[in-house]
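A.B. asks: Build me a model from this:
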Amino acid sequence: MNGLVLFIPALLWDLLLGEPPALVHPVVWFGKLAGLLDSRYRRRSPALDFLVGMVTALAVIVFALLLAISAPSAPYPLNYALAVYLLKSSFAVRSLHEHIARTITDNVKEKRKAVSMIVSRDVGKLDEPHLNSASIESLAENLNDSVVAPLFYFLLFGLPGALIYRAVNTLDAMLGYRNERYEYFGKFSARLDDLLNFIPARLTVLLYLPIGGKRVLRYYRLARFKINSDKPIAVMSAVLGVWLEKPGVYRFPGREPENGDIRRALRIYRLIVGEWVFTVLLLIATGVCTCLSR
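C.D. replies: This next block holds a predicted model:
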């Protein structure tokens, strides 16, 4: 199926309507399946925990693949509608913007509640600058996870690529923790997510270059704390000129982040999304023209 015919209505759906209801959202299904398998398994030994965790991840990935390949087999126009719906569910431009916008408030209690909806850290211990930092960090990291990476894999592998990436990213968000329960059970999911994000995270950095220039590259070289997730955060710090910090994990230099910096970060987000959407459209159109010329 022509990529433009899928991508354009999926993008319009996202921008105009946002996310589908949780009851029928494929990403929610991925999470519920992973959660069900996780809850049914009692931890036993590192080797067995890793094996069962890998089987859990593969089960969710196979489920995502089956969803993707089932759409074309439906009768027309249901097959087209399903494909557009599934592609839209793999990325989230509008909802990410809305979640971050809710953190822009002078009421610290409301800000803390809004930030708690988008990060896993204990926000009860964070002061206002660190709450602002957490909001901007989440925006920068999820720009990769929720926009750049799924569409990157859509370009490479079509609808199956986008859905499988989203399934792996969901697995990492649920199981990829370094604690007693998930150290081994979630290791396969975490490492697979690292692998799939290696190129997209660096691609996201490149998208900042027209905005931040050499400062982006300088901060990128400071991002040595994690394999992927700190790279987009570092370059957002560079462009804004504020420090971004996850205490005990990383800190990028700058002045103290304020409410206004979250607004600026959202403006940068819209610019980067615009760059990436234009690039995706151009690459799909070029691929279509190449195929038609043969």
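A.B. asks: in the protein, which spans are strands?
C.D. replies: Taking DSSP state E, the strands of the chain run over residues 244-246, 250-252.
A.B. asks: and among those, the most buried is which?
C.D. replies: Of all the strands of the chain, strand 244-246 carries the top mean neighbour count, a mean of 22, counting by mean count of other C-beta atoms under 10 Å. For every residue, glycine as well, the C-beta is placed using N, CA and C.
A.B. asks: so His25 sits right up against Gly31, yeah?
C.D. replies: No - in this structure, His25 is not within contact of Gly31 by C-beta atoms under 8 Å, at 9.2 Å.
A.B. asks: Between the two, tell me which one has more neighbours.
C.D. replies: Gly31 (18 against 15; other C-beta atoms under 10 Å).
A.B. asks: if I pick the more buried one, what's in contact with it?
C.D. replies: 170, 173-174 (C-beta atoms under 8 Å, 6 or more residues apart in numbering).
A.B. asks: now do Trp13
C.D. replies: With C-beta under 8 Å, 6+ apart, Trp13 has these contacts: 84-85, 88.
A.B. asks: what does Ile8 give?
C.D. replies: By C-beta under 8 Å, 6+ apart, Ile8 lies in contact with Leu281.
A.B. asks: 7 Å instead, please
C.D. replies: Contact partners of Ile8, counting by C-beta atoms under 7 Å, 6 or more residues apart in numbering, are absent.
A.B. asks: Give me the distance between it and Phe50.
C.D. replies: From Ile8 across to Phe50, the span is 42 Å (C-beta to C-beta, to the nearest Å).
A.B. asks: what do you get for Lys88?
C.D. replies: 34 Å.
A.B. asks: neighbour-wise, which of these two wins?
C.D. replies: Lys88 (24 against 16).
A.B. asks: Any figure for the gap between the more buried one and Arg202?
C.D. replies: Following C-beta to C-beta, the distance that separates Lys88 from Arg202 is 26 Å.
A.B. asks: Repeat that for Arg43.
C.D. replies: 35 Å.
A.B. asks: With Ser95 instead?
C.D. replies: The gap separating Ser95 from Arg202 is 25 Å, by C-beta to C-beta.
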